[in-house]
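# My questions concern the predicted model and sequence given below.
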Amino acid sequence: MATAPYAQNARPFLHGGELEGVAEVLAGGQYGHGDITERFEQALTSFLGVDDVVAVASGTAALHIALAVTGIGHGDEVIVPSMTFCATVQAIRACGAQPRFAEVDPDTLCLRPQDVMEALTPSTRAVLPVLYGGRAVDLSDIRYELEQRKIAVVEDAAHAFGSYCGRVRIGATNNALTCFSFGPIKTLTCGQGGALVPRDPEQAAHARRMRLLGMAESPSERARSATYHVGGVGLRAHLSQINAAIGLAQIAHFPSVEAQRKELWRTYAAALEDLPDVRLVDVDVDRSVPTLCAVRVPERDRVFAALQARGIGVGTHYPPNHLQPAFRRWWRPLIATEQIGEEILTLPFHQKMTSHDARLVTTALREALR
Ligand SMILES: Cc1ncc(COP(=O)(O)O)c(C=O)c1O
């Protein structure tokens with residue numbers, strides 16, 4: 001029996017062309033970094049309107065490499081909202097740096113300038129805003145202050161591929177090193193993958209070396225040479241051609257992704273207006289391509305269980321990180337975040353869903369709240 005679309009919180013959407021693209025790579029026998037990966041990088045570069053994009057194996061790898069390229073290392077402190085996926089924090093830890101957890105705006109679940117200023121310490125070397133749900137994070141009020149203190153900004157735009165910041169796509173503002181995820185449930189998927197937008201050719205070269213074990217030669221140079229040179233720290237974090245082929249097939253269809261996701265989010269927003277106990281997390285839908293639809297509800301655990309019992313794929317994005325055992329060393333009281341952590345609930349949100357499905361979910365939510 002086919003499951004109803006609303007039974008899943010999120011799922012990938014195939015547009016057509018992905019299977020053929022993967023089959024071609026499989027038949028070609030070159031599964032590592034290759035021409036298809038570079039074609040995908042070029043497609044991203046022109047889509048975003050930027051000078052360069054470095055494709056990598058995941059959003060987590062993009063964050064790890066972006067922080068390393070920025071010079072973040074042992075003993076450095078990185079300001080990060082506690083309200084994010086644990087991957088953001090693990091990328092900081094992977095560099096040997098320490099998270100300094102910060103509060104977020106209770107309406108958007110994104111960092112505000114005052115949250116950053118409140119969290120600053122003499123050891124702060126970077127700020128890592130998370131573009132929750134897909135919306136841009138505006139830190140322009142403190143940009144000068146951050147520059148004076150030589151604090152870098154690395155954006156976790158895992159949720160925000162295709163969204164706008166003002167008139168340009170996120171990634172094209174030149175203010176931060178921007179990191180995307182192309183995981184299974186993102187607005188554009190490679191199956192698994194990620195990318196970062198470097199701000200200068202030096203950062204780009206560093207990121208390209210680091211994604212391929214620190215080797216100085218590019219894969220095509222290596223293919224022609226009898227040896228290679230390892231210049232520094234590196235990861236096995238390149239984007240395979242198999243995954244790049246999926247992304248390349250997807251990117252051509254992005255306008256339909258944008259339209260469908262905005263429409264579904266607006267349908268939810270309209271239907272939820274009648275539910276006074278429910279607080280919709282605002283994604284700035286006019287400028288964003290929403291990745292999820294999050295609400296805050298009273299008695300979240302009871303409501304979650306009631307909706308799950310009715311076959312509705314609800315989720316929790318996210319349990320706060322400062323309360324996680326692995327990150328407890330960096331705990332500090334974050335009253336707003338802890339409250340959000342008790343109330344947050346994500347509704348089924350993906351492109352197999354119709355407006356009718358969204359209304360059914362809203363009705364079930366109304367009943368669960370009684
Ligand atoms: C906010 C956020 N940051 C980082 C990541 C990590 O991306 P990936 O799963 O591609 O490593 C995710 C993935 O879901 C995410 O939601």
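Right, received. Where do you want to start?

# List the buried residues in the helix-or-strand element of the chain with minimal mean pLDDT.
Lowest on mean pLDDT, DSSP states H and E among the helices and strands of the chain sits helix 219-224, with a mean of 90. For helix 219-224, the neighbour count (16 or more other CB atoms under 10 Å) marks Pro219 as buried. To be clear about C-beta, it is placed using only N, CA and C from the backbone, and glycine gets the same treatment.

# who touches that helix?
Applying CB atoms under 8 Å, 6 or more residues apart in numbering, the set of residues contacting helix 219-224 from outside is 32-34, 212, 215, 228, 238.

# From the residues you listed, keep the buried residues only.
Neighbour counting by 16+ other CB under 10 Å classes 33-34, 212, 215, 238 among the contacts of helix 219-224 as buried.

# picking that back up, which element is encountered next along the chain beyond the least confident helix or strand of the chain?
Note on helix 219-224: by DSSP states H and E, the next helix or strand toward the C-terminus is helix 241-251.

# What parts of the protein come near the ligand?
Counting by CB under 6 Å from any ligand atom, the positions of the chain adjacent to the ligand are 58-60, 84-85, 87-88, 130, 156, 158-159, 181, 183, 194.

# of those, closest to the ligand?
The closest of those to the ligand turns out to be Gly59 (CB to the nearest ligand atom; 2.5 Å).

# just checking, that closest one touches Leu196?
No - counting by CB atoms under 8 Å, Gly59 stays clear of Leu196, with 9.3 Å between them.

# intersection of neighbour lists for those two?
179-180.

# Apart from its chain neighbours, what residue comes closest to Arg208?
Of all residues not flanking Arg208 in the chain, Val54 sits nearest, at 5.8 Å (CB to CB, 6 or more residues apart in numbering).

# Check what pLDDT the one you found gets.
pLDDT recorded at Val54 is 98.

# can you check Phe161 too?
98.

# For it, give me its contacts.
Neighbours of Phe161 in contact, by CB under 8 Å, 6+ apart: 170, 180-182, 186-188, 289.

# Please repeat the previous calculation with a cut-off of 10 Å.
44, 47-48, 59, 131, 134, 169-171, 178, 180-182, 186-189, 194-195, 251, 254, 257, 289, 291 (CB atoms under 10 Å, 6 or more residues apart in numbering).

# thought Gly247 was touching Leu188?
Yes - contact criterion CB atoms under 10 Å: Gly247 and Leu188 qualify, at 6.3 Å.

# what residues are shared contacts of these two?
Common neighbours of Gly247 and Leu188 (criterion: CB under 10 Å, 6+ apart): 44, 182, 195.

# Can I take it that Thr346 is in a helix?
No - counting by DSSP: H, G, I helix; E, B strand; the rest coil, Thr346 is not part of a helix but strand.

# Please identify the helix or strand for the spatially closest residue to Pro129 that is not a sequence neighbour.
For Pro129, ignoring the flanking residues on the chain, the nearest one in space by CB to CB, 6+ apart is Val137 at 4.0 Å. According to DSSP H and E, Val137 maps onto no helix or strand at all.

# which ones are touching Val137?
81, 104-105, 108, 110-113, 116, 127, 129-131, 153, 155-157, 160, 165, 170, 176.

# 7 Å instead?
110-111, 129, 131 (CB atoms under 7 Å, 6 or more residues apart in numbering).

# Now for the residues you listed: which two are most distant?
Greatest spacing in those, by CB to CB: Leu111 and Leu131 (9.7 Å).

# Find the centremost residue of this structure, please.
The centroid of the chain falls nearest to Ala158 when counting by CA atoms, centre = their mean (1.1 Å).
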